[in-house]
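Participant: here is my input; please provide its structure:
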Amino acid sequence: MNKLELGVCYYPEQWDPSQWRDDAAQMAGMGLDWVRIAEFTWALVEPRRGEFNWGWLDEVVGILGEAGLKVMMCTPTAAPPKWLIDEHPEILPVGTDGRVRGFGSRRHYCFSSDVYLHEACRIASEYARRYGKNPHVHAWQIDNEYNDHDTVLSYSDAARQGFRRWLAERYGSIGTLNRTWGTVFWGALYSSFGQIELPNALVASPNPTHALDFARYSSDRVRLFNCAQAGILRKHAPGRDITHNFMAGSFEFDHHAVAADLDVVGFDSYPLGNLLGSTLTEEHKCRYLRTGAPDYQGFHCDLYRCQGRGRMWVLEQQPGPVDWAQKNPSPADGMIRLWTWAAYAHGAEAVMFFQWRQAPFAQEQYHTALHRSDGSRDQAAFEVLQVAAERKLLPPAPRAQAQVAMVLDYPSIWAADILPHDANFPNAQIHREWYTALRQLGVDLDIVGPDADLSGYALVVLPQNTILSAGLAARLANFDAKLLIGPRAGSKTEDLHTPFKLAPGPLADLTGVRVLRVESLPDFAPEAISFRKEAPHEVTGWREIVETDHEVIGRFRSRYQDGSPAVVRSARATYLAMLPGQTLLRSVMRDVLDWCGVPYSECPPDLRVTRRGPLGFAFNFGDEDVVLPERRQFLVGGQVVPPHGVSIWRDE
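Facilitator: Now for the predicted structure:
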């Protein structure tokens, strides 16, 4: 699918049935292709156990299909009905404070509950048997936003019992667990798996390997839950694509693992909703208040496209102000169009907008949509119409493999959260910061998992790989690409221990570095780094004291260990012994790209360019015109990209 398809999230159950047919006609008239429905309909379809009310949903599917729209049906397991909670209150999740989280919103279930897994499979089977071969239902979404409201980690009795079984299978004997966890520390030994509790509500921090194993166990339960429903859908809905809408910015379970069981990887994109929680400075948050960070959309598209083996959809695109962030500004006019084209440029097959009409009641009354609650068109609707017209001007254009790959490993993120050493260590955000540095240089990249095939890349970037498996280390050693490696890489084993020969563990031979000590510094005590012949760069936060026999191309200027290596280059790898700020990071990126022969062209601060096959795209996140180079055959826009504008061209 190389043509951009458009869709919308629709909740017909919230509206009078007399509106459904007109809604469908308007959707088709706008050029929409897809309608996503039914993720919160369990209680409506099965109001009492075994009593099904399919008539209204049958009618909706028929109306949408007859209008020429393709239906994406959702399994409704993100919101189990009250009667099920009354029957089995033990399925409710439990927060880190030990309190049961109750009924009345959504995501009120615990992934560890085998009772709920059975019930979820039962209702998914009912939906799949009903609509699996329906000619209007072309794709399926499993559940909805797995970690929304922080529900992956649940501290229920089911989780306790399940975790104990998982540990027994993983370790075999309690003696092996004690040795692996290092329970001699603080005398926290166990004599049976039945003694092990969950790592919450403790006097001090939990044993780090205990906490990491619980994160792994919890992630495995998400995959089990997803895989079980995927198997049901493959049986009853053959030939239909299966997806899930991951939450952009969520790292609490292994999305690589869950994505392996999907046909297409989807995600929900809210660039303004997630802006204030980013690591951008207040100055930049103000600058991009109405556009979102320029690399937010691209980062997540590139991540989920690679997880989907080239297939990615945006299943919820922000249409205006949301209602759930700390503050909820309006996007600048033009931004819904820009975000949509940016998603396509980074590989999206389809973009769906949340939602068709703004709800006049319940929790999301302030969450905007394509239409206001009275049915009048909001700004996003006009921009969708524009995109629908513009897409006719573009030829098919597959997204090719980039020259640069970034490795993102979820257990490494969990490990650094569990054992931070620096309370402000940016952790998952490091990937976005390094991504931004490359994208400001006009470099396209793929974001891959630790098990990915790395052949064909000229540069592999490892921003934060605290845990580095022997398999990945061997593959990095046995191919020709150059490496850019961030601090903490290989600093912990898979059991969250310090490697026998110290960090960077299995990367020691590639980097020629041995980390002797790490420290973290407050913002009021910055260090200076001399890099090449540039003026000194200021850094703070994480710092490593390393020894090396290889070329040192950056050094600390400090009252402590003055002149110690900050940037080290071996034959294959460039290693950073600190967290660089954006200015130093861009300098390092330029140097590394020159070193490995990857071409780049620095963009103005608010402009991003990318390629999809023969097409080039430029996106202006700023408030001033940007002039592009001449000699381009423009298909959309032109040489001058206006504020919040888009230009698309074909190479001559």
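
Participant: and for the helix or strand containing residue 588, what are the contacting residues?
Facilitator: In the assignment (DSSP states H and E), residue 588 maps to helix 582-596. The contact list for helix 582-596 (CB atoms under 8 Å, 6 or more residues apart in numbering) reads 433-434, 436-438, 440-441, 443, 458-459, 481-482, 484, 529, 531-532, 534, 537, 539, 553-554, 567, 569, 574, 576, 580, 599-600. In this view, the C-beta of every residue, glycine as well, is placed from N, C-alpha and C.

Participant: any idea which helix or strand comes after that helix?
Facilitator: Note on helix 582-596: by DSSP H and E, the next helix or strand toward the C-terminus is strand 607-612.

Participant: and that following strand, which strands flank it?
Facilitator: Using DSSP bridges, strand 607-612 pairs in its sheet with strand 615-620 (antiparallel).

Participant: just checking the distance from the next helix or strand after the partner strand to the centre of its chain.
Facilitator: Toward the C-terminus, strand 615-620 is succeeded by strand 626-627 as the next helix or strand (DSSP H and E). Put simply, strand 626-627 sits 31 Å off its chain's centre (CA atoms, centre = their mean, to the nearest Å).

Participant: give the other helices and strands that strand 626-627 contacts.
Facilitator: Here strand 626-627 touches strand 640-641, going by 3 or more CB pairs under 8 Å, 6 or more residues apart in numbering; DSSP states H and E.

Participant: starting at the chain centroid, how far to the strand it packs on?
Facilitator: Mean-position distance between strand 640-641 and its chain equals 31 Å (CA atoms, centre = their mean).

Participant: and that strand, what does it pack against?
Facilitator: Secondary-structure packing of strand 640-641 (3+ CB pairs under 8 Å, 6+ apart): strand 615-620, strand 626-627.

Participant: in which helix or strand would I find residue 162?
Facilitator: Using DSSP H and E, the element containing residue 162 is helix 157-171.

Participant: give the buried residues for stretch 190-206.
Facilitator: 190, 193, 196, 198-200, 206 (16 or more other CB atoms under 10 Å).

Participant: who's in contact with it?
Facilitator: Contact partners of stretch 190-206, identified using CB under 8 Å, 6+ apart, comprise 96-98, 155, 159-160, 163-165, 167-168, 174, 177-178, 183, 207, 210-211, 214.

Participant: CSV please, covering the buried residues of stretch 190-206 and showing secondary structure, distance to residue 318 and pLDDT.
Facilitator: Listed next are those as CSV, based on DSSP: H, G, I helix; E, B strand; the rest coil; distance: CB to CB, whole Å; pLDDT from 0 to 100:
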residue, secondary structure, distance to residue 318, pLDDT
190, coil, 47, 98
193, helix, 45, 98
196, coil, 42, 98
198, coil, 35, 98
199, coil, 35, 97
200, coil, 33, 96
206, coil, 37, 96
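
Participant: same list (the residues you listed) but as a markdown table, adding distance to residue 2.
Facilitator: Shown next, in a markdown table, are these (distance: CB to CB, whole Å):
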| residue | distance to residue 2 |
| --- | --- |
| 190 | 56 |
| 193 | 52 |
| 196 | 51 |
| 198 | 47 |
| 199 | 47 |
| 200 | 48 |
| 206 | 49 |
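
Participant: now, which of those sits nearest residue 451?
Facilitator: Nearest to residue 451 among the buried residues of stretch 190-206: residue 199, at 26.7 Å, using CB to CB.

Participant: do you know how far the closest one is from residue 205?
Facilitator: 9 Å (CB to CB, to the nearest Å).

Participant: same question for residue 165.
Facilitator: Here residue 165 is placed at a distance of 25 Å from residue 205 (CB to CB).

Participant: cool, residue 292 as well?
Facilitator: Residue 292 sits 35 Å away from residue 205, going by CB to CB.

Participant: other SSEs contacting the lowest-mean-pLDDT helix or strand in the chain?
Facilitator: Ranked by mean pLDDT, DSSP states H and E, the weakest helix or strand in the chain is helix 470-477, scoring a mean of 92. If you count contacts as 3+ CB pairs under 8 Å, 6+ apart, helix 470-477 packs onto helix 508-511.

Participant: list the helices and strands the helix it packs on packs on?
Facilitator: Helix 508-511 sits against helix 470-477, strand 573-576, with contacts defined as 3+ CB pairs under 8 Å, 6+ apart.

Participant: from the ones you listed, which stretch is densest packed?
Facilitator: Stretch with highest mean neighbour count among those: strand 573-576 (a mean of 26; mean count of other CB atoms under 10 Å).

Participant: relative to that one, what are the paired strands and their orientations?
Facilitator: When pairs are called by DSSP bridges, strand 573-576 turns out to pair with strand 482-485 (parallel), strand 565-569 (antiparallel).

Participant: quick one: mean pLDDT for that strand?
Facilitator: Mean per-residue pLDDT for strand 573-576: 98.

Participant: distance between it and the chain's centre?
Facilitator: So, by CA atoms, centre = their mean, the centroid of strand 573-576 is 26 Å from its chain's centroid.

Participant: likewise for stretch 248-266?
Facilitator: Distance, centroid of stretch 248-266 to centroid of chain: 8 Å (CA atoms, centre = their mean).

Participant: buried ones in that stretch, by neighbour count?
Facilitator: Of the residues in stretch 248-266, 248-266 count as buried by neighbour count, 16+ other CB under 10 Å.

Participant: excluding chain neighbours, what is closest to residue 177?
Facilitator: The shortest distance from residue 177 to any residue other than its chain neighbours is 4.3 Å, reached at residue 171 (CB to CB, 6 or more residues apart in numbering).

Participant: quick one: that neighbour and residue 410, what's the gap?
Facilitator: Noted for residue 171: a distance of 21 Å to residue 410, by CB to CB.
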